[in-house]
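**Q** Need a 3D model of the sequence below.
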Amino acid sequence: MLFLKNSYLFFFFVALISSCSGDTKKVESIPENLPTAIDQALEEIEELLLSVNKNLLVMDSTDIQSFVTSHGLECQANTCRSEVALGGVVLKKVFKCNNGIIGAVHYDFYYDSLNPSLEKDAQTAISTIGAKLGDHNSIYNSGTMKTYSWLSHKNTIDFEIFNNGFTLTVRKNRKTEQRAKTALVLPKHLQLVEKLIHHVYEDSLKLDHSTIDAVQNLFTVDFKGKSSALAFSEVYGDKVLLSGRFLFESERLSNVYFDYLYSDTTSKEFLINTKTVKSIITSLYKEPSSVATVPLSTSYRWGNNPIVLEMYGDGFSVFLEKSSL
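**A** Here you go, the predicted structure:
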């Protein structure tokens, strides 16, 4: 009987240990909670802001090659891109460059149409950015997009919320830099285009942002206008005609054109003036990133900056061109 009793005890302990062991395996087999889409998005945002704060990413200074491998970027011309899925959210990274130097970074987070979390996630992202940078400096609401802006480390950091996602942008704050001085005293007919170039450089004139009232306050000319456009023209010495146009869509600036027409093309004055305007732009944005010559015209572009200079046989134009992200 004693042997039988001990046998029962032995089997009882074996069964107990097996049961505990089984429970342990069950606990160990439970998978850990995977990070949600917004968790991964916030991690990407924090990593980008950390790179800026630690001067690992400096606009107009850092070489793109230091980010190509770590971010899985594919580069074409002056734009490097990558794309990754974060659950129901797609993150598209866009690094805008000028001759291999990073000038602006865009993190675009696109939400699936069935994902109801956009508004909540956007507010969470704003709180996260605010915890790193403090209170935002401004808010702009265009009706279709709401933009929160911070000034940090000589950068402007924008957080834009649109109908199917949000974007975090880091770019140079031009207003913190000393305005470049032109070596020569400009002739009167070039002073307005010089003003246009500097307003663009300093972000006081921006496509998709500036209003009709803002444009009128920046330029003291005799505007002729309607709801979708402002125009002016000036004649200088019966030799130079300057025609300016500011076009608007949904009450926001969509295009700008400054066209110079010279009546005396034999003097080649327009060639000298074109070179002067080119030097003004180059002093701010460095050398042109591309030069395109076709019959009767030559165009100069400066990386991801919107200014384009185009020279013709009887004059030149300066206009703004939206960059595609």
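
**Q** which stretches of the stretch 101-250 of the chain have low pLDDT?
**A** Filtered on pLDDT under 70, the stretch 101-250 of the chain yields the residue ranges 142-144, 174-184.

**Q** Quick one: the helices in it, in order.
**A** For the stretch 101-250 of the chain, the helices defined by DSSP state H, counting those that start in this stretch cover 118-133, 188-201, 212-218.

**Q** Ser66: neighbour count?
**A** Look at Ser66: counted by other CB atoms under 10 Å, it has 13 neighbours. For glycine as for every other residue, the C-beta is placed from the backbone atoms N, C-alpha and C.

**Q** winner for burial among the helices of the stretch 101-250 of the chain?
**A** helix 188-201 (a mean of 18; mean count of other CB atoms under 10 Å).

**Q** okay, that helix in CSV with CA atoms only?
**A** Output in CSV follows, covering the C-alpha atoms of helix 188-201 (Å, rounded to 0.1, in the frame of the first residue of the first chain):
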residue,chain,number,x,y,z
LYS,A,188,15.4,100.9,-61.8
HIS,A,189,13.8,98.3,-64.1
LEU,A,190,15.5,95.4,-62.3
GLN,A,191,14.7,96.5,-58.8
LEU,A,192,11.2,94.9,-58.8
VAL,A,193,12.5,91.5,-60.0
GLU,A,194,15.2,91.7,-57.3
LYS,A,195,12.4,92.3,-54.8
LEU,A,196,10.5,89.4,-56.1
ILE,A,197,13.5,87.1,-55.8
HIS,A,198,14.2,88.1,-52.2
HIS,A,199,10.5,87.8,-51.2
VAL,A,200,10.6,84.2,-52.5
TYR,A,201,13.9,83.4,-50.8
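
**Q** other SSEs contacting that helix?
**A** Applying 3 or more CB pairs under 8 Å, 6 or more residues apart in numbering; DSSP states H and E, one finds that helix 188-201 contacts strand 229-236, strand 240-249, strand 252-262, helix 269-285, strand 315-320.

**Q** out of the ones you listed, nearest to Leu56?
**A** Distance to Leu56, taken as CB to CB, is lowest for helix 269-285 among those, at 23.6 Å.

**Q** Please report how far the closest residue to Leu168 other than its chain neighbours lies from Thr62.
**A** Nearest residue to Leu168, sequence neighbours excluded (CB to CB, 6 or more residues apart in numbering): Tyr107, at 4.4 Å. Computed as CB to CB, to the nearest Å, the Tyr107 to Thr62 distance reads 16 Å.

**Q** Next: Ala125.
**A** Counting by CB to CB - Ala125 and Thr62 are separated by 24 Å.

**Q** will you turn the helices and strands packed on helix 188-201 into CSV that also has distance to Val221?
**A** Compiled in CSV, these are given as follows (distance: least, CB to CB, whole Å):
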stretch, distance to Val221
strand 229-236, 4
strand 240-249, 7
strand 252-262, 11
helix 269-285, 18
strand 315-320, 15
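
**Q** tell me the most buried of these?
**A** strand 315-320 (a mean of 21).

**Q** which stretch among the helices of the stretch 101-250 of the chain comes nearest Ile101?
**A** helix 188-201 (16.5 Å).

**Q** Provide the contact partners of the closest one at residue level.
**A** 174, 179, 182, 186, 205-206, 218-219, 221, 234, 236, 240, 242, 244, 256, 258, 260, 273, 276-277, 280-281, 284-285, 305-307, 318, 320 (CB atoms under 8 Å, 6 or more residues apart in numbering).

**Q** Could you do stretch 65-79 as well?
**A** In contact with stretch 65-79 (CB under 8 Å, 6+ apart) are residues 57, 64, 80-82, 84, 93-100, 102, 289, 303-304.

**Q** same question, stretch 218-236
**A** By CB under 8 Å, 6+ apart, the list of residues contacting stretch 218-236 reads 187-189, 192, 195-196, 199, 204-205, 212, 215-216, 241-249.

**Q** how about the residue lying closest to Lys96 once chain neighbours are set aside, what does it touch?
**A** Excluding its sequence neighbours, the residue lying closest to Lys96 (CB to CB, 6+ apart) is Asn304, at 3.8 Å. Counting by CB under 8 Å, 6+ apart, Asn304 touches 78-79, 96-98, 103-104, 323.

**Q** Near Pro288, how many other residues are there?
**A** Using other CB under 10 Å as the criterion, Pro288 is surrounded by 19 other residues.

**Q** residue contacts, it?
**A** 278, 282, 300-302.

**Q** Gly130: which of the residues you listed is nearest?
**A** Trp302 (33.2 Å).

**Q** How confident was the prediction at the closest one?
**A** pLDDT for Trp302: 88.

**Q** Excluding chain neighbours, what is closest to it?
**A** Trp302's closest residue in space is Tyr285 (CB to CB, 6+ apart), at 4.1 Å.
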